[in-house]
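Student: no letters, just coordinates:
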């Protein structure tokens, strides 16, 4: 994997699918290298069940699974999707795991036709975009009709002829810069490059700025030859390759914008506070390659663009609009339909009584833009390896204390449709499955590089650190913990953990092996294929094995795998409390940055956090005491685990975040203007950014109340509850 | 319990329900005190599950269960039996154990009326037996109509007027002694005392000797004031008390003599080689008290009986017949009916795959002669304590590797009807539940004294020894292993293990706390009541607790309770092999005793046993090796446990024992002429006793073949079988 290691040296601090925030500051929370080292050293040695589990995932088996799953296109809702759902279900069943398809009716979009042409004043086509990815001799699966399906899901159909303007990354400040430069976006087609924020927000920003249509391309600076050799000569994006993807406004509300599955009879307006029309763009949008984009960028008139707008194409980047003699015609014909996508849910029942169960969920989506060898099916192959490991344990008579659910989602690429539907359906109502869920462990792109990256709820950091101490990095053969930065990033959005953490308050983790901070080169293209993975991504499939080990071991330790009986849950709430302190410091910096003269009263938040920290430290001592007493102290441990396991729910605000009620977690959310990346204390910091001081102060109060509620829930943990 | 400890000093070497054999030699196999000590020291310390389990049985809970179960008469097949079956079923279910009633249609007998009178030559009644147990002020449950129900199950009705002769214990040698003394039993009523052999065999011997009827009484020497103070002043049998009981010919075939439940469509002739008429007496039989017996003994004429015939009544024991001027009229009116008895079967499913399961069975009968506080419901209360302990583990998420069955039998008192029916129905046929059963652990009379006694398959001796090291004797608070003789007696019959060991070859154990070698004083009487137990038997219910602990811990260690995963089964076959060597030595002694001039060729048996010992020692080494490898060596351990767990089946002879084909085990059976007590190498030793030398030599050969088969099954254990 040296190719990737070189790339790290070139790492951009922020990038499309990285952890960028609007202000460019990394929103991670460093546990401190020493703390991490101490944790991994003190981590319990693996039990025989853990050792056996770790011995099962194999590179040949992962390779075989991946080859099968990527043997045909399986876009959400297509027959390929159903075929692979059945394959995953049957694979679970083969391991002795009960598994069923979970079809969910949602809104989907499929492309019929599209065109993007440079036309002269008479309407004659001067030049036309290919809008198709080239067939590569070196990768025979590229010869598929789906290479022509380069589209953005949820783009409405339309036929627009207008000049183009170049709006850089499509961020609010890019449009502000254009306005300042006297470039009027109204009535134009906004051409933007991928990166820095979720593509749906680019479309939203262009629409707000008055554009009639939008095109989004992959500039080789972020996503092509400037990163390294392009596929098939290296892992990076070649000239004709297009990044497909959904353009729904995911930071307003995740999931199906129509709620066609009507969870508990609720409409999208009731759940999200928005109508379908407010959650998806009203202007047509097309994704294009940098090969195609060059045509339109080269035809731009206007001033030379500011330095921050410049990419790596061998042209002069101008703001536009298109030179007077030309216009651009963009035709998009997309078909919308409400039809099922197929989740697969496998279950290993826990042995604790149902009313004491605290289910552990593992999830990965299965639907792909075309083949999805990295995104998401490297994770799918890993999930199947985890299932094999668990199956091996099951065959030997092992059972988890707590139920384990293995979830293979569909519709993720359209906007987390499958997981959100399942989460909403099972999150509410009497005896809802997710009411007592302990954790959700997500792997989306399991492998696209050699760097282990994790985002998650801080209370899971110590557990993860211990697990990484038991798994070797495939290159160095040293424990992964020695390679890990110790940074557990905050959870943003862009994958299936969203409903679990942001809506339901279930502690979550999202893990991947990435090529650094940039996303990998064939993301959402026809080249994200088995051949890419087998030649560029993970030729030995050893990173597949390593992630399976990390994922499964984390699940085993949460579910109670070591057969030492019911012990205090491995959640560390002191780390959670420390993380909140750092969020407050960041919010203060944001205030200082935005309006240094302003005074906001942070004391309620600080007092609540101090109380929570104190209660968390006391609960850590309580956990130590109960761990020493061991399983005989069952009733005390049950009471303790009930509290600890449900604590994250304290951070949910009933009324949700301002302007996006579906998101209920007061400590983090996807940034309203980033989509992927996380905002911590989002209600507060986004009110500060919007300079709504009254709202900011009210959000401080609301969040402080949630933290107080967590503190008081925690300080009861010493009490014995009779069960 | 000092009362019982005093009794020990008076212990008789042989007694009614003791381990007597025809030649009076104890048929136990002493493991050697040193070996036992070493075993209990090396026994694994209890896991937390074991410790938790041991902490659950409580004297107050056992007392409460026993008080409920003994709150009404519950003779097999009566409404009281059904009521208590439902209580046990519901108690299992309350612990999270699946449980169902298992009704089995069998032949039952209930008394209508009876009379036993001394009449003069005119037919006038001179004196009449009470045939009823007195109401005791001190035990208010004695005031029940069932105190008049003093009868022998399966006695036919009849009305006989004849002189009485006194036939001592009713053994063949007693009848021989009468004959030698010129006393003709033909045409008489044979009066015999309880003791030395099963009562059905007394009836059989009397019938064979030509008696027209029989009466069996409890002589105070074995069973009354000669043992100590009588109830309610002490634990021993008072004057009016009668020992009820079945008189079927249990050593010919156990279970329902009609096979009304027709296991797999088979008749009693097919299964047992005998008809109903051959399995139960054809003469009427009555059990009587020593108070009643004195009337008839005192009226005997004839010579003074030999010294060995003399009991403890204050009379001159004569052989009879009754003085010329008198006769005795015996009227018995019993009702026979085919109707259900209700077993209860609880199941805790094991976590090993079904095809690898090796179920562990715990059994106790529930039906009683009247209240049965000691026999059998002290064991029932213990079974419910075991269920509570298992329930507590289940609630904490523990599951056994191997399935555990908790069986509450009915119809035992009539001749092991319920257990035999269930064993026959589930022992054969494709996928039969018992095909892979690992062990059957029986407790009948759980507590009637302070001495721990165990009979069982030698391969279980080491396991038991380790378990006894973990449980305290209630009086001394020292480990029970220090109180245990180390003697694991051979299994005879008289309780529900019979079908499991003798018919199906499932390693079995039978355990009790007894008052020494004699059975307890209120056996099968109306006084075997809660009051007796609470004042005489186990006033603190601490022996109830101790037996629950022993029973459950043995089951946990067999089922795989320590959650260390699948390990080699705790069966020691070297001890089994040594036991066989000692059986051979005994058989040679029997030969020497019976016909010192005779030569039988024991070499085939000795060679087979040597080979088995060698294979057994090798398998012990193999077990050690696999124990070190631990659960990761799953496939090897599975293969090993398959062999070890099924090994006892090797000792079954397809054609059964000579003259009693239902009994198939070549190593032990109930003595043909003792019923309760065991014969080892029964086919051989009984042929020797019968001086059938050809049969004896053939049986040596047949048994040698079975042992060879065990040896060769064992020597494969080193091979890895892929599963």
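Tutor: Perfect, I can see it now. As the structure is a prediction and not an experimental result, all values here were calculated from the model. Numbering: from 1, shown residues only, chains lettered A, B, ... in the order given.
Student: burial count for the closest residue to residue A:422 other than its chain neighbours?
Tutor: With sequence-adjacent residues excluded and distances taken as CB to CB, 6 or more residues apart in numbering or on different chains, residue A:422 is closest to residue A:343, at 5.5 Å. Glycine gets a C-beta too; all of them are placed from N, C-alpha and C. Using other CB atoms under 10 Å in any protein chain shown, residue A:343 has 29 neighbouring residues.
Student: ok, the helix or strand where residue A:343 lies: who's next to it in the sheet?
Tutor: Assigned by DSSP states H and E, residue A:343 belongs to strand A:326-348. Strand pairing for strand A:326-348, determined by DSSP bridges: strand A:98-120 (antiparallel), strand A:158-162 (antiparallel), strand A:404-409 (antiparallel).
Student: ok, which of those comes nearest residue B:347?
Tutor: Set against residue B:347 and scored by CB to CB, the strands paired with strand A:326-348 come closest in strand A:98-120, at 20.4 Å.
Student: just the mean pLDDT for the closest one, thanks.
Tutor: Taken as a whole, strand A:98-120 has an average pLDDT of 96.
Student: starting at the chain centroid, how far to the following helix or strand past it?
Tutor: Using DSSP H and E, the helix or strand that follows strand A:98-120 in sequence is strand A:125-128. Computed by CA atoms, centre = their mean, to the nearest Å, the chain-centroid distance of strand A:125-128 equals 38 Å.
Student: in terms of secondary structure, what does strand A:125-128 contact?
Tutor: Applying 3 or more CB pairs under 8 Å, 6 or more residues apart in numbering or on different chains; DSSP states H and E, we find strand A:125-128 packed against strand A:98-120.
Student: chain center to the strand it packs on, what's the gap?
Tutor: The chain centre lies 20 Å from the centre of strand A:98-120; the measure is CA atoms, centre = their mean.
Student: what is the burial count for the closest residue to residue A:281 other than its chain neighbours?
Tutor: Leaving aside its sequence neighbours, residue A:281 sits nearest to residue A:203 (CB to CB, 6+ apart; 4.2 Å). Residues lying near residue A:203 (other CB under 10 Å) number 30.
Student: coming back round to it: could you single out the most deeply buried of the strands paired with strand A:326-348?
Tutor: Ranked by mean neighbour count under mean count of other CB atoms under 10 Å in any protein chain shown, the strands paired with strand A:326-348 are led by strand A:404-409, which reaches a mean of 28.
Student: what packs against whichever helix or strand comes after that one?
Tutor: The helix or strand immediately downstream of strand A:404-409 is helix A:412-415, counting by DSSP H and E. If contacts are counted by 3+ CB pairs under 8 Å, 6+ apart, helix A:412-415 sits against strand A:98-120, strand A:152-153, strand A:245-246.
Student: can you tell me the average pLDDT over helix A:412-415?
Tutor: Helix A:412-415 carries an average pLDDT of 97.
Student: check which residues of that helix are buried.
Tutor: When burial is assessed from 16 or more other CB atoms under 10 Å in any protein chain shown, helix A:412-415 yields the following buried residues: A:412-415.
Student: ok, now stretch A:48-60?
Tutor: Neighbour-count burial for stretch A:48-60, counted by 16+ other CB under 10 Å, picks out A:48-50, A:52-54, A:56-57, A:59.
Student: thinking again about what came up before, nearest to residue A:545, out of the helices and strands packed on helix A:412-415?
Tutor: strand A:98-120 (22.7 Å).
Student: hmm, back to that, what's the closest of the strands paired with strand A:326-348 to residue A:126?
Tutor: Comparing the strands paired with strand A:326-348 by CB to CB, strand A:98-120 comes nearest, at 4.5 Å.
Student: hang on, residue A:279 packs against residue A:271?
Tutor: No - between residue A:279 and residue A:271 there is no contact under CB atoms under 8 Å: 10.7 Å.
Student: tell me which of these two has more neighbours.
Tutor: Shown here are residue A:279 and residue A:271; by other CB under 10 Å, residue A:279 has more neighbours (24 against 20).
Student: the residue nearest the centre of chain A: what's it in contact with?
Tutor: Chain A has residue A:495 as the residue nearest its centroid, 2.9 Å off, counting by CA atoms, centre = their mean. Going by CB atoms under 8 Å, 6 or more residues apart in numbering or on different chains, residue A:495 touches A:365, A:412, A:416, A:442, A:444, A:510.
Student: what does the stretch 51-200 of chain A have sitting close to chain B?
Tutor: Counting by CB under 8 Å from any CB of the partner chain, the residues of the stretch 51-200 of chain A close to chain B are A:51-52, A:55, A:96.
Student: want to throw those into CSV with secondary structure?
Tutor: Formatted as CSV, those follow (DSSP: H, G, I helix; E, B strand; the rest coil):
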residue, secondary structure
A:51, helix
A:52, helix
A:55, helix
A:96, coil
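Student: of those residues, which is the nearest to residue A:538?
Tutor: Set against residue A:538, the nearest of these by CB to CB is residue A:55 (19.6 Å).
Student: ok, that closest one - contacts?
Tutor: Applying CB under 8 Å, 6+ apart, one finds that residue A:55 lies in contact with residue B:632.
Student: how about the closest residue in space to residue A:347 that isn't next to it in sequence, what does it touch?
Tutor: Of all residues not flanking residue A:347 in the chain, residue A:98 sits nearest, at 5.0 Å (CB to CB, 6+ apart). Contacts for residue A:98 (CB under 8 Å, 6+ apart) come out as A:92, A:346-349.
Student: now do residue A:362
Tutor: Residues near residue A:362 by CB under 8 Å, 6+ apart: A:383, A:386, A:404-407, A:440-443, A:551, A:555.
Student: same thing with residue A:660?
Tutor: Residue A:660 neighbours (CB under 8 Å, 6+ apart): A:251-253, A:272-273, A:669, A:672.
Student: run the last query once more with 10 Å
Tutor: By CB atoms under 10 Å, 6 or more residues apart in numbering or on different chains, residue A:660 lies in contact with A:249, A:251-254, A:272-274, A:502, A:669-670, A:672, A:682-683, A:686.
Student: which helices and strands does the helix ranked longest in chain A pack with?
Tutor: In chain A, assigned by DSSP state H, the helix with the most residues is helix A:603-629. On a contact count with 3 or more CB pairs under 10 Å, 6 or more residues apart in numbering or on different chains; DSSP states H and E, helix A:603-629 meets helix A:573-594, helix A:634-646, helix A:693-714.
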